[in-house]
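Asks: my questions are about this predicted structure, shown below with the sequence.
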Amino acid sequence: MQIPDTLNIQCPSCGKMSLHNLKRGKLSTKNKLTYDCIVECSECRHVHREVITEKKHVELPVIISSQDNSERSTISLSPDARLHVGDEIMIDEINVKITGIELQNKRVKSAVVSEIMTLWCKRFDKIKLKLSIHSGSRTLSRSIIAVPDEEFYVGDIIKSGRDQIAIYKIKTRRNVIKDGGTSAREIQRLYGRFVR
């Protein structure tokens, strides 16, 4: 456990909520986390002392699935933080998406960290997108790998194996896009046709 390089706090000089750069400080972890530090406001450059107290973080067990594999890990979080199914978090420098929250004897959509027994996640640094390719009276099903922020637009030409596919429709959780585009994290299925 260490003091972060920057803190987002209110400056006593300019009154703004702003990032403060850590000059020096010490950390105490008896019953609570206490940061006693000297910080500099990034807005007005005022240097001042700040003492911040938080509840001690808890180690939460996590199961991360990635395609056909699952691995166990842990994440250190504030006991008061609230997590929701669908939230994206970082674990061991890997972007993951929460798929399940397990309490003592049930699964819920949202809970406070102190109540959670196990967090179920899937790796979300790469996404497997389903692709339906229409060819005459046949429809072929394939998939492609994309990063969550990669954007796809109707009219884009993408590669699937040695084939080139023109996207003509994108299905998201909320609607079907026939003009325009969206990021891979929103996409449920791409629809395309072979391009010669």
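Replies: Everything's here; your move. Predicted model, so just to flag it, every value in this text is computed and none were measured. Numbers count the residues shown, from 1 in each chain.
Asks: what about the nearest residue to A146 once chain neighbours are set aside, how many neighbours?
Replies: Among residues not flanking A146 along the chain, A184 sits closest, at 4.1 Å (CB to CB, 6 or more residues apart in numbering). C-beta coordinates here come from the backbone N, C-alpha and C atoms, glycine included. A total of 19 residues lie near A184 under the criterion other CB atoms under 10 Å.
Asks: so who does the closest residue in space to V112 that isn't next to it in sequence touch?
Replies: Closest residue in space to V112, ignoring its immediate chain neighbours: R82 at 5.4 Å, by CB to CB, 6+ apart. R82 is in contact with S110, A111, V112, V113, counting by CB atoms under 8 Å, 6 or more residues apart in numbering.
Asks: closest to Y191 among those residues?
Replies: Y191 lies nearest to S110 out of the contacts of R82, by CB to CB, at 33.0 Å.
Asks: what are the phi and psi angles of that closest one?
Replies: When read as degrees, to the nearest 10, the backbone of S110 gives phi -160, psi 150.
Asks: that one pairs with what?
Replies: Beta bridges link S110 to H84, judged by DSSP bridges.
Asks: next one, pLDDT for it please.
Replies: Here, the pLDDT recorded for S110 equals 95.
Asks: pretty sure it sits against V85.
Replies: Yes - at 7.1 Å, S110 counts as touching V85 under the criterion of CB atoms under 8 Å.
Asks: now for these two: what residues contact both?
Replies: I101.
Asks: enumerate every residue touching the residue nearest to A146.
Replies: A184 neighbours (CB under 8 Å, 6+ apart): I127, L129, A146, V147, P148, D149, E150, E151, F152.
Asks: could I get the residues you listed as JSON lines with pLDDT and neighbour count?
Replies: Shown next, in JSON lines, are the contacts of A184 (pLDDT from 0 to 100; neighbours: other CB atoms under 10 Å):
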{"residue": "I127", "pLDDT": "85", "neighbour count": "20"}
{"residue": "L129", "pLDDT": "92", "neighbour count": "18"}
{"residue": "A146", "pLDDT": "91", "neighbour count": "19"}
{"residue": "V147", "pLDDT": "89", "neighbour count": "13"}
{"residue": "P148", "pLDDT": "88", "neighbour count": "16"}
{"residue": "D149", "pLDDT": "88", "neighbour count": "10"}
{"residue": "E150", "pLDDT": "93", "neighbour count": "15"}
{"residue": "E151", "pLDDT": "95", "neighbour count": "12"}
{"residue": "F152", "pLDDT": "96", "neighbour count": "20"}
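Asks: which one of those is nearest to E40?
Replies: Closest approach between these and E40, by CB to CB: D149, at 31.9 Å.
Asks: and the gap between the closest one and T118?
Replies: Relative to T118, D149 is positioned 28 Å away (CB to CB, to the nearest Å).
Asks: which strand runs longest in this structure?
Replies: The strand that spans the most residues within the chain, counting by DSSP state E, is strand 17-28.
Asks: hmm, who's touching it?
Replies: Residues contacting strand 17-28 (CB under 8 Å, 6+ apart): 1-11, 33-43, 47, 50.
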